[in-house]
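Colleague: sequence first, then the predicted structure:
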Amino acid sequence: MSSTEQYTVGWICALQAEYLAARAFLEKRHDPPEELSPNDNNHYTLGAIRGHQVVIAVLPDGEYGTSSAACVARDMLHSFPNIRFGLMVGIGGGAPTKQDIRLGDIVVSSPQRGHGGLLQYDFGKEIQDHEFHQTGFLNQPPTILRTAVSGLQVQYEEEGHQLKESIQTVLEGNKRLRRKYAQPPVESDRLYDSQYTHLQDSQSDCAKICDSSKLIRRPQRDEDEDNPAIHYGLIASGNRLMKNAMFRDKLAAEQDILCFEMEAAGLMNHFPCLVIRGVCDYADSHKNKEWQGYAAMMAAAYAKDLLRQIVPQRVSHERKAIEAIRGQLKDVSKNIDKIHDITSGSAMEIKSMAQTIDLKELPVAEGAEFGTYMDQHEEECLQGTREELLYDINEWAVSPESKCIFWLNGLAGTGKSTISRTVAKSFKKQGFLVYLPLLHK
């Protein structure tokens, strides 16, 4: 049995195929852990790669998305408290809009355009005739991983990679895996025009039912080109399965997105990690599972090469991932305490304390009272309506006898958001600094 104290690298997979690929590339396999945190429901495989002590976990069967990934990472850190960083390794949908991305290629999250390597595409706002605007930001991978990526990138450019050979070695050692995890025929890599969709409700192979005249013709890669290729840039993550080539191309063109996936956004702000994706489809309606096994193998083979770039002794000097999370929680706690100090007094005291805050020193406060509604075409209360309620709210704001919270509740669609926008605009004119959270059930 293995002690959980010795493991410093966390490796998370979403699918069983990804989990198998990760296990296949361990250089040594260890016994199961001696004990786990009481509420830890994860399944683990323990092992080593070039002296790194690695723990691999997989999401529960049938569960996908950012929340499930976050739960797996949380439980892993509770059971393996000495983990320094993580790898999110698996498959994704390629966005061949600006780069020549093909099935079996690899996409590695890399900071670009002010992003940390990942963009959460279902956490933002899309306005007609405007580009997608992200309203939340995700952390970048830790320095030790970004440095390893740079080193491996140079090595591959100088020597080429041997990822195909690595996969072949694994498959030769286990013939059972060949049918599902070997490279499919090159002719099965089909990229269709973005406006051409797969026949609705049809599970048939595209080669049998789709119009071949809608295929995008691409030349074979030259001998001096890496094949598969490795791409470095932004990965889009969200809870929605991307099967829309038009939206894929739009977001890829605006944000330089290279790949779409469904889990990593749940990790980046709570689990310092790098995202590695093997391209198994083109995030369009022509999805199939033919390339999933091979793409998972490609991603795992790259992850192994990456770990071999890092000196194991160096990892022990990194901050523990659980400590990084605790540090974030302490910062949040301090901010909550500050808010409590302000809101614990009467309304007059609150107003007095708020007036001591120089809004010019808070550049992020500009426009913040409208939140994600700032650029949307949504109305405030019509003139002559809600007058009594709006009067009560304004009286509450200026009365020294008021309680510190005005609680507005109601069923969905009854106008809470409309009232809040109206109040925010009114308070702005009066110079009030306010916080108007909208809580949805």
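Modeller: Thanks, I have the structure now.
Colleague: please count neighbours and contacts with C-alpha atoms only from this point.
Modeller: Fine.
Colleague: can you list the weak-confidence ranges in the stretch 251-400 of the chain?
Modeller: Low-confidence segments of the stretch 251-400 of the chain, defined by pLDDT under 70: 324-378, 400.
Colleague: can you give me the strands for it?
Modeller: For the stretch 251-400 of the chain, applying DSSP state E, counting those that start in this stretch gives strands covering 257-261, 273-281.
Colleague: out of those, the one nearest residue 117 is which?
Modeller: Nearest to residue 117, of all these, is strand 273-281, at 8.4 Å by CA to CA.
Colleague: thinking again about what came up before, out of the strands of the stretch 251-400 of the chain, which gets nearest to residue 3?
Modeller: Nearest to residue 3, of all the strands of the stretch 251-400 of the chain, is strand 273-281, at 22.6 Å by CA to CA.
Colleague: list the strands paired with that closest one, with their directions.
Modeller: strand 85-94 (parallel), strand 106-109 (antiparallel) (DSSP bridges).
Colleague: tabulate those strands (a markdown table), appending mean pLDDT.
Modeller: Listed next are the strands paired with strand 273-281 as a markdown table, based on pLDDT from 0 to 100:
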| stretch | mean pLDDT |
| --- | --- |
| strand 85-94 | 96 |
| strand 106-109 | 98 |
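Colleague: now the ones you listed in a markdown table, with mean neighbour count?
Modeller: Formatted as a markdown table, those follow (neighbours: other CA atoms under 10 Å):
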| stretch | mean neighbour count |
| --- | --- |
| strand 85-94 | 28 |
| strand 106-109 | 27 |
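Colleague: mind putting the ones you listed in CSV, distance to residue 43 included?
Modeller: As requested, the strands paired with strand 273-281 are exported to CSV (distance: least, CA to CA, whole Å):
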stretch, distance to residue 43
strand 85-94, 16
strand 106-109, 25
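Colleague: in three-state terms, label residue 228 for me.
Modeller: coil (DSSP: H, G, I helix; E, B strand; the rest coil).
Colleague: before we move on, what about the one 5 residues further on?
Modeller: Following three-state DSSP, residue 233 is assigned to strand.
Colleague: make residue 1 into 43 and carry on from there
Modeller: Noted, 43 is the first residue going forward, which turns the last one into residue 275.
Colleague: spatially nearest residue to it (excluding sequence neighbours)?
Modeller: residue 152 (4.5 Å; CA to CA, 6 or more residues apart in numbering).
Colleague: next, count neighbours for that neighbour.
Modeller: Number of residues near residue 152 (other CA atoms under 10 Å) recorded here: 21.
Colleague: could you tell me which residues make contact with it?
Modeller: 158, 159, 160, 182, 188, 274, 275, 276 (CA atoms under 8 Å, 6 or more residues apart in numbering).
Colleague: quick check: the gap between it and residue 426.
Modeller: 53 Å (CA to CA, to the nearest Å).
Colleague: got it, and residue 290?
Modeller: To residue 426, residue 290 is 45 Å away according to CA to CA.
Colleague: which one of these two has more residues nearby?
Modeller: residue 290 (25 against 7).
Colleague: report pLDDT for that one.
Modeller: With respect to pLDDT, residue 290 scores 93.
Colleague: contact partners for it?
Modeller: Taking CA under 8 Å, 6+ apart, we find residue 290 in contact with 137, 284, 325, 326.
Colleague: same thing with residue 100?
Modeller: Residue 100 is in contact with 54, 55, 56, 57, 58, 61, 84, 85, 86, 114, counting by CA under 8 Å, 6+ apart.
Colleague: one more: residue 272?
Modeller: Contacts for residue 272 (CA under 8 Å, 6+ apart) come out as 147, 148, 149, 150.
Colleague: now these in JSON lines, with distance to residue 347?
Modeller: Shown next, in JSON lines, are those (distance: CA to CA, whole Å):
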{"residue": "147", "distance to residue 347": "15"}
{"residue": "148", "distance to residue 347": "13"}
{"residue": "149", "distance to residue 347": "14"}
{"residue": "150", "distance to residue 347": "13"}
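Colleague: quick one: which of the residues you listed is nearest residue 363?
Modeller: After measuring the contacts of residue 272 against residue 363 - CA to CA - the closest member comes out as residue 150, at 20.8 Å.
Colleague: distance check, residue 132 against residue 214.
Modeller: According to CA to CA, residue 132 stands 21 Å off from residue 214.
Colleague: cool, and residue 457?
Modeller: 64 Å.
Colleague: next: residue 82.
Modeller: In terms of CA to CA, residue 82 sits 35 Å off from residue 214.
Colleague: out of the two, name the residue with the larger neighbour count.
Modeller: A count of neighbours by other CA under 10 Å puts residue 82 above the other of residue 82 and residue 214, at 15 against 11.
Colleague: correct me, but that one touches residue 119?
Modeller: No - taking CA atoms under 8 Å as the definition, residue 82 is not a contact partner of residue 119, at 9.7 Å.
Colleague: next, format the contacts of residue 152 as CSV and append pLDDT, neighbour count and distance to residue 72.
Modeller: Formatted as CSV, the contacts of residue 152 follow (pLDDT from 0 to 100; neighbours: other CA atoms under 10 Å; distance: CA to CA, whole Å):
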residue, pLDDT, neighbour count, distance to residue 72
158, 83, 20, 34
159, 89, 24, 32
160, 90, 29, 32
182, 87, 21, 31
188, 96, 18, 28
274, 97, 17, 32
275, 95, 19, 34
276, 94, 26, 34
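Colleague: related to what we said a few turns ago, so which of the contacts of residue 272 would you say is closest to residue 195?
Modeller: The nearest member of those to residue 195, counting by CA to CA, is residue 150 at 10.6 Å.
Colleague: ok so, going back, okay, the residue nearest to residue 275: pLDDT?
Modeller: Residue 152 is given a pLDDT of 93.
Colleague: repeat for residue 165
Modeller: Looking at residue 165, its pLDDT is 62.
Colleague: now swap in the one 3 residues further on and tell me
Modeller: Per-residue confidence (pLDDT) for residue 168: 46.
Colleague: please apply the same query to the one 5 residues further on.
Modeller: For residue 173, the model assigns a pLDDT of 53.
Colleague: from residue 462, how far out is the residue positioned nearest the centre of the chain?
Modeller: The chain has residue 307 as the residue nearest its centroid, 1.9 Å off, counting by CA atoms, centre = their mean. Per CA to CA, residue 307 is found 29 Å from residue 462.
Colleague: of all the strands paired with strand 315-323, which one is nearest residue 231?
Modeller: Nearest to residue 231, of the strands paired with strand 315-323 and by CA to CA, is strand 127-136 at 11.9 Å.
Colleague: quick check: nearest residue in space to residue 305, chain neighbours excluded?
Modeller: residue 108 (4.3 Å).
Colleague: noted, bye for now.
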